[in-house]
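Undergrad: missing the sequence, but the structure's below:
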């Protein structure tokens, strides 16, 4: 099922990838000749190498700042829209350079525009295309996908560098040199316009969106496992605390009784020391089974951790807890031909209107330890003890 969904997603993304590859090819070709034409154009205008260096520096600085800015705002905007803006910048750059001959204006156009004298793949469109490509492929497909993207960029830039000789051919045909250079900038603008057409065919997408594999039929199982204690199968502390808050809200809203019962399995350390942790786990699981059977369907049995357990008893008053405790009593199992009869301490209390879940638990905890101290004074940890009165 998962593989079928993945294959369908890959097929749906294939046209998108092709569009991005085509746009990369157009940009690569344009960048390939533009980085050569720009200094030659300035030389034809009569500027010296220092002026050419100033323009190159301005271009690199502007490209770096623009790329950084796009990286900061991209997560909040539609990728397709940003790509279209980038293509528009290419068009504007190609139209602006032939229209200016003053050095200061050329520096400004170089700083704002999309042409830079680097042979690498720089510019604001690169991270945007990367983000769009990453959304179009599975984890296994991304490495070859980006490898092809880089290869297309390198090959088309090489082809563009060869095309930089076109002005010489135009001059040989009788075209004025400056006009020949300007025609190349117009070609650069045309490539930006063609890229915009390709970008327009892409779907809307945001860089911050992440695809999550659907849980499908396993969602219920995953959620249930996250709520349960691994050893005993009872609900864990977090689930128990959430349920307690819900039951307190219900009891307060409908003015109904609610009791919390806390229990400690006595002598667990002695069982572990004498018979091993497997025996201790058996005692915990046996007690959990007995507790789960002793409560009603509307109640909740929770393992708080270690040897501590809790039962949340809606619609139950403290005097009715004895019935639950009577059904829990009597746990017995054999270890190495020896009968083990673990005992447990207990403490419980009613909910008082207005108190928080923690305040209710604190009062039940005080009752538990008061009964535990009383039990230790009169009974060994493994002996049967009578049920003490609740501490209110």
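TA: Perfect, I can see it now. Small disclaimer: the values here were computed from a predicted structure and weren't measured.
Undergrad: pretty sure residue 331 is in contact with residue 287, am I right?
TA: Yes: Residue 331 lies in contact with residue 287 (CB atoms under 8 Å); the separation is 5.7 Å. (C-beta placed from N, C-alpha, C; glycine too.)
Undergrad: Now do the shared contacts for the two.
TA: residue 342 (CB atoms under 8 Å, 6 or more residues apart in numbering).
Undergrad: Those two: which is more packed in?
TA: When neighbours are counted by other CB atoms under 10 Å, residue 287 comes out ahead of the other of residue 331 and residue 287, with 22 against 17.
Undergrad: what's in contact with the helix or strand hosting the more buried one?
TA: Assigned by DSSP states H and E, residue 287 belongs to helix 277-294. If you take CB under 8 Å, 6+ apart as the criterion, helix 277-294 is touched by 229, 231-234, 263, 265, 268, 271-272, 301, 303, 307, 309, 311, 324-325, 327-328, 330-331, 333, 335, 340, 342, 344.
Undergrad: distance between it and the chain's centre?
TA: With CA atoms, centre = their mean, to the nearest Å as the basis, helix 277-294 stands 38 Å off its chain's centre.
Undergrad: On the three-state scheme, the closest residue to residue 280 other than its chain neighbours is what?
TA: With CB to CB, 6 or more residues apart in numbering as the criterion, residue 280 has its nearest non-adjacent residue at 4.1 Å, and that residue is residue 272. Classification of residue 272 by DSSP: H, G, I helix; E, B strand; the rest coil places it in helix.
Undergrad: and residue 272, how far is that from residue 335?
TA: Using CB to CB, to the nearest Å, residue 272 is found at 11 Å from residue 335.
Undergrad: Check residue 47 too.
TA: Taken as CB to CB, the span from residue 47 to residue 335 is 95 Å.
Undergrad: Please pull out the lowest mean pLDDT helix or strand from this protein.
TA: Sorting the helices and strands of the chain by mean pLDDT, DSSP states H and E puts helix 219-227 at the bottom, at a mean of 71.
Undergrad: Would you tell me what the next helix or strand after it is?
TA: Defined by DSSP H and E, the subsequent element after helix 219-227 is helix 237-254.
Undergrad: what does that following helix rub up against?
TA: Counting by CB under 8 Å, 6+ apart, 227-228, 235, 256-258, 260, 300, 302-305, 310, 312, 314, 351, 353-354, 356-357, 360-361 sit against helix 237-254.
Undergrad: taking those residues one by one, which sit in strands?
TA: 258, 260, 300, 302, 303, 304, 305, 310, 312, 314 (DSSP state E).
Undergrad: between the residues you listed, which is nearest residue 104?
TA: Nearest to residue 104 among the ones in strands among the contacts of helix 237-254 is residue 305, at 72.8 Å by CB to CB.
Undergrad: and the closest one, what pLDDT?
TA: Residue 305 carries a pLDDT value of 90.
Undergrad: again, but for residue 209
TA: At residue 209, pLDDT is 50.
Undergrad: quick one on the thing from earlier: tell me which residues of the helix holding residue 287 come out buried.
TA: 279, 280, 282, 283, 284, 286, 287, 288, 290, 291, 292, 294 (16 or more other CB atoms under 10 Å).
Undergrad: can you redo those as a markdown table with pLDDT and distance to residue 97?
TA: Formatted as a markdown table, the buried residues of helix 277-294 follow (pLDDT from 0 to 100; distance: CB to CB, whole Å):
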| residue | pLDDT | distance to residue 97 |
| --- | --- | --- |
| 279 | 87 | 84 |
| 280 | 88 | 81 |
| 282 | 89 | 83 |
| 283 | 89 | 83 |
| 284 | 91 | 78 |
| 286 | 90 | 84 |
| 287 | 91 | 82 |
| 288 | 93 | 78 |
| 290 | 91 | 85 |
| 291 | 93 | 81 |
| 292 | 93 | 79 |
| 294 | 92 | 85 |
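Undergrad: Need the residues you listed in TSV (columns: distance to residue 20).
TA: Below are those laid out as TSV (distance: CB to CB, whole Å):
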residue	distance to residue 20
279	63
280	60
282	61
283	62
284	57
286	62
287	61
288	56
290	63
291	60
292	57
294	64
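Undergrad: Show me where the stretch 101-250 of the chain has its strands.
TA: Remark: no strands are assigned in the stretch 101-250 of the chain by DSSP state E, counting those that start in this stretch.
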